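Visitor: sequence first, then the predicted structure:
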Amino acid sequence: MRIRRSVTRFFGGLIIPAISAVVIGYFTYYTVWGSRGALELSTTDTRLAMRKELLTDLRDQRQRLQHRISLLEPGSVDPDLVQELARGQLMDGGPGQVAVPRNTH
C-alpha cells in the first residue's frame, strides 16, 4: 500500500510536466518547421519579391495602356495612333494571305 502510494505520487507529479513538455514541443516544432515557421520565411520573402516585380511590370503596362487610351479620347485624337491601329486591323489577313503595303508618293 505504501509503495503504491509513492508510485502514484511519483507518476502523478510527472503528468503535468510531461503534458507541458509535449505542448511546448508541439509549438516549437511548428514555430520552426510549420507552414508559417521560420524556415518558411525565406520562401515567403522570395515569393514576395517575385510578386512585387510582377506588380511593377503590371503597373508599367497599365500606365502605357492608359497613355494610349488618353491619345484616343475625343477632341484630342492622335493621328499617328489612329493610323497605327488601322494598319494593324487592315493588315491582318487570313492564313496563307500576304499583305503588301503600298507606298503612296
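Guide: Cool, the structure landed. Owing to the predicted nature of the structure, the values given are computational and were not obtained by experimental measurement.

Visitor: looking at the protein, which helix or strand is least sure?
Guide: Taking mean pLDDT, DSSP states H and E as the measure, the helix or strand of the chain with the lowest value is helix 79-90, at a mean of 77.

Visitor: pull out the buried residues from that helix.
Guide: Residues of helix 79-90 classed as buried by neighbour count (16 or more other CB atoms under 10 Å): none. Yep, even glycine has a C-beta here, placed from its N, CA and C like the rest.

Visitor: ok now that helix, how far from the chain's centre?
Guide: 36 Å (CA atoms, centre = their mean, to the nearest Å).

Visitor: same check on stretch 25-36?
Guide: Between the centre of stretch 25-36 and the centre of its chain there are 24 Å (CA atoms, centre = their mean).

Visitor: circling back to that earlier point, show residues contacting the least confident helix or strand of the chain.
Guide: Here helix 79-90 makes contact (CB atoms under 8 Å, 6 or more residues apart in numbering) with R68, L71, L72, A99, P101.

Visitor: burial measure for the last one, as a count.
Guide: Other residues within reach of P101, judged by other CB atoms under 10 Å, total 8.

Visitor: could I get the buried residue list for the helix or strand harbouring D45?
Guide: In the assignment (DSSP states H and E), D45 maps to helix 38-71. Of all the residues in helix 38-71, not one is buried under the rule 16+ other CB under 10 Å.
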